[in-house]
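Colleague: Quick one, what's the 3D model for this:
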Amino acid sequence: MTWLASLRAYRRPEVVSLVFLGFSAGLPYLLVFSTLTAWLRDEGISRSMIGFFAWIGMMYSIKVIWAPFVDRLRLPWLTRVLGQRRSWMLAGQLGIVLALVAMSLVGTGALGLLALLSLVVAFSSATQDIAIDAYRIEIAEVEQQAALSAGYIAGYRIALLVSGAGALYAAEYLGWGSAYQVMAAFGLIGVITTLVIARPKDQDVAALATVWQAGFGAWVRTLFFEPITDFFRRNGRFALFILAFIALYRLSDITMGIMANPFYLDLGFSKVEIANVAKGLGFGMSLLGSFLGGLLVLRFGLLSTLLIGAGAVALTNVLFAILALFEPSLAGLALVISVDNLSGGIAVTSFVAYLSSLTATAYTATQYALFSSLMTLPGKFTSGFSGLVVDQVGYPSFFLMSGLLGLPAVLMVIYLMRRRV
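Modeller: Numbering: from 1, shown residues only. Modelled structure (predicted):
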């Protein structure tokens, strides 16, 4: 495929709709991740406690538990009016908006309740992700998934700018509570998008009622076991290697991500400087990386792009370690942030397309939720200890250690490339 033909793929209406859905999916993520850690650190919460808050993000990693219900279960009235995918999208979006408002009212004075509300945001967000991922996979063929993924990630990155830099600006001038209320208002973009996009062709979810009448065992088998056995039936024993690869591909960048904002603050940068450089410039470079990742997949193939992304992400951790060793500099921060976000955009776009290619249309939501859960679970678990590691060995050693976690993914992509030859 030529470069010009690759560029035309971004003009399709489906790609444009995925930009807005990507925004809706990306908005809550930082609000229970790095933006939340900045809020906690700004209020004097210890780094060890902040590290434990990373486990809230594990909600995204266990969404496979309730993904079968999103795949098959009809919501009263909503499913009849909006269809299977859009009804679950809307339910998740409303949960996000309401919980963000509640977080803004509670604040860090009631840390336990704030953590509980953060869990509600993460659960609602993960539910929305399940429905959007299924919608994205079902509206286009496999060869078009890279462009759809790029559109989705572009919207996702825009949302990260809003919930990252935007939230920091709002917190600086309005306070943290008001900042989270502003973010809740942005959440309405997802609600509007869900209501106006075309209703996709639904799966036969009505069959679930018949299965339930056949007995609880048949119901459990249909929801939970058939999607998994289908994947192993199609891939045989090699399925175990695929699952291990999924679990390890993003281990490096997820592990270090929770400490990024505390790292910038501990270096002495203000919230406005972080917003300008780490979020503003980072947004532009990640958007470029996502766009470039989609083009590279269409031009050179999926596995080659996966290799480029995996290697670049691991190497950028070394740049963070170097940054921690020298006197703080906005220019140095800008350089590291640029390279990190560019490589991350390439890696994520290609990896989302890879995961999409693994699903069967009969179990889209459940199987993709399984893959995306495996993608984040190891990193979310290890990142929970990141604050303790930084306190013990310091930032330079921490970033070097997280960089080494990316080497297995590089080797596994090389194996996949040789296996396909």
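Colleague: So which residues of the stretch 1-150 of the chain form strands?
Modeller: Counting by DSSP state E, counting those that start in this stretch, one finds no strands in the stretch 1-150 of the chain.
Colleague: pLDDT weak spots in it?
Modeller: For the stretch 1-150 of the chain, the stretches with pLDDT under 70 are 1-14, 140-147.
Colleague: How about V339, nearest residue that isn't a chain neighbour?
Modeller: Once flanking residues are discounted, V339 sits nearest to T316: 5.4 Å by Cβ to Cβ, 6 or more residues apart in numbering. Yep, even glycine has a C-beta here, placed from its N, CA and C like the rest.
Colleague: for M59, what are its contacts?
Modeller: By Cβ atoms under 8 Å, 6 or more residues apart in numbering, the contact list for M59 reads L119, A122, F123, S125, A126.
Colleague: Let's see that with 6 Å instead.
Modeller: A122, F123, A126 (Cβ atoms under 6 Å, 6 or more residues apart in numbering).
Colleague: Show the buried residues in these.
Modeller: Burial by neighbour count, 16 or more other Cβ atoms under 10 Å: within the contacts of M59 this picks out A122, F123, A126.
Colleague: Can you name the residues that contact the second one?
Modeller: Spelled out, it's F123. With Cβ under 6 Å, 6+ apart, F123 has these contacts: M59.
Colleague: now do the last one
Modeller: The neighbours of A126, taking Cβ under 6 Å, 6+ apart as the test, are M59, Y60, K63.
Colleague: again with the first one
Modeller: The contact partners of A122, taken as Cβ under 6 Å, 6+ apart, are V32, I56, M59.
Colleague: Can you tell me the closest non-neighbouring residue to it?
Modeller: Using Cβ to Cβ, 6+ apart, the nearest residue to A122 is M59, at 3.7 Å.
Colleague: Find the nearest non-adjacent residue to L160, please.
Modeller: G26 (5.3 Å).
Colleague: Am I right that L75 is in contact with M89?
Modeller: No: in terms of Cβ atoms under 6 Å, L75 does not count as a neighbour of M89; the distance is 10.7 Å.
Colleague: More neighbours: the two, which one.
Modeller: M89 (31 against 16; other Cβ atoms under 10 Å).
Colleague: thinking that one is in contact with D129, fair?
Modeller: No: the criterion here is Cβ under 6 Å, and M89 misses it with D129 at 9.5 Å.
Colleague: With distance to L298 added, can I get the contacts of M59 in a markdown table?
Modeller: A markdown table is the format used below for the contacts of M59 (distance: Cβ to Cβ, whole Å):
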| residue | distance to L298 |
| --- | --- |
| A122 | 33 |
| F123 | 35 |
| A126 | 29 |
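Colleague: Select from the residues you listed every entry located in helices.
Modeller: Under the assignment DSSP state H, the contacts of M59 contribute A122, F123, A126 to helices.
Colleague: Give me the distance between I228 and A126.
Modeller: Per Cβ to Cβ, to the nearest Å, I228 is found 19 Å from A126.
Colleague: Quick one: end-to-end distance for stretch 180-197.
Modeller: End-to-end distance for stretch 180-197, by Cα to Cα, to the nearest Å: 27 Å.
Colleague: which other residues reach it?
Modeller: So stretch 180-197 is in contact with 17, 20, 24, 27, 31, 86, 89-90, 93, 96-97, 100-101, 103-104, 162-163, 167, 170, going by Cβ under 6 Å, 6+ apart.
Colleague: let's see 7 Å
Modeller: 17, 20-21, 23-24, 27, 31, 86, 89-90, 93-94, 96-97, 100-101, 103-104, 162-163, 167, 170 (Cβ atoms under 7 Å, 6 or more residues apart in numbering).
Colleague: Stretch 96-116 now?
Modeller: Residues contacting stretch 96-116 (Cβ under 7 Å, 6+ apart): 28, 31, 39-40, 43, 45, 53, 56, 117-118, 120-121, 124-125, 177, 180-181, 183-184, 187-188.
Colleague: Could you list the buried residues of it?
Modeller: 96-104, 106-108, 114-115.
Colleague: what do you get for stretch 68-79?
Modeller: Those buried within stretch 68-79 under the rule 16+ other Cβ under 10 Å are P68, F69, V70, D71, R72, L73, R74, L75, L78, T79.
Colleague: repeat for stretch 266-276
Modeller: Across stretch 266-276, burial judged by 16+ other Cβ under 10 Å covers L267, F269, K271, E273, I274, A275, N276.
Colleague: quick check, distance from the helix or strand where V182 lies to the centre of its chain.
Modeller: With elements taken from DSSP states H and E, the one containing V182 is helix 176-186. Relative to its parent chain, helix 176-186 has a centroid offset of 21 Å by Cα atoms, centre = their mean, to the nearest Å.
Colleague: Which members of the contacts of stretch 180-197 occur in helices, if any?
Modeller: 17, 20-21, 23-24, 27, 31, 86, 89-90, 93-94, 96-97, 100-101, 103-104, 167, 170.
Colleague: Could you look up the SS state of T359?
Modeller: The three-state assignment at T359 reads coil, by DSSP: H, G, I helix; E, B strand; the rest coil.
Colleague: Do I have it right that it meets I137?
Modeller: Yes: here T359 reaches I137: they are 5.8 Å apart, a contact under Cβ atoms under 7 Å.
Colleague: Distance of L117 relative to L377?
Modeller: 22 Å.
Colleague: In terms of neighbours, single out the busier of those two.
Modeller: The neighbour comparison of L117 against L377 (other Cβ under 10 Å) goes to L117, with 23 against 20.
Colleague: so who does the more buried one touch?
Modeller: Contacts of L117 (Cβ under 7 Å, 6+ apart): A99, A102, M103, V106.
Colleague: on that earlier part again, give the next helix or strand downstream of the helix holding V182.
Modeller: That would be, after helix 176-186 and using DSSP H and E, helix 188-196.
Colleague: export that following helix as PDB, just CAs?
Modeller: Extracted as PDB, the C-alpha positions of helix 188-196 are listed here (Å, rounded to 0.1, in the frame of the first residue of the first chain):
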ATOM      1  CA  LEU A 188     -20.700  14.800  28.600                       C
ATOM      2  CA  ILE A 189     -18.900  14.700  25.200                       C
ATOM      3  CA  GLY A 190     -18.900  10.900  25.400                       C
ATOM      4  CA  VAL A 191     -22.600  10.900  26.300                       C
ATOM      5  CA  ILE A 192     -23.500  13.100  23.300                       C
ATOM      6  CA  THR A 193     -21.300  11.000  20.900                       C
ATOM      7  CA  THR A 194     -22.900   7.800  22.000                       C
ATOM      8  CA  LEU A 195     -26.400   9.200  21.300                       C
ATOM      9  CA  VAL A 196     -25.600  10.500  17.800                       C
END
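Colleague: buried set for it?
Modeller: Counting neighbours by 16+ other Cβ under 10 Å, the buried set in helix 188-196 is I189, G190, V191, T193, T194.
Colleague: That's all I had, so thanks and see you.
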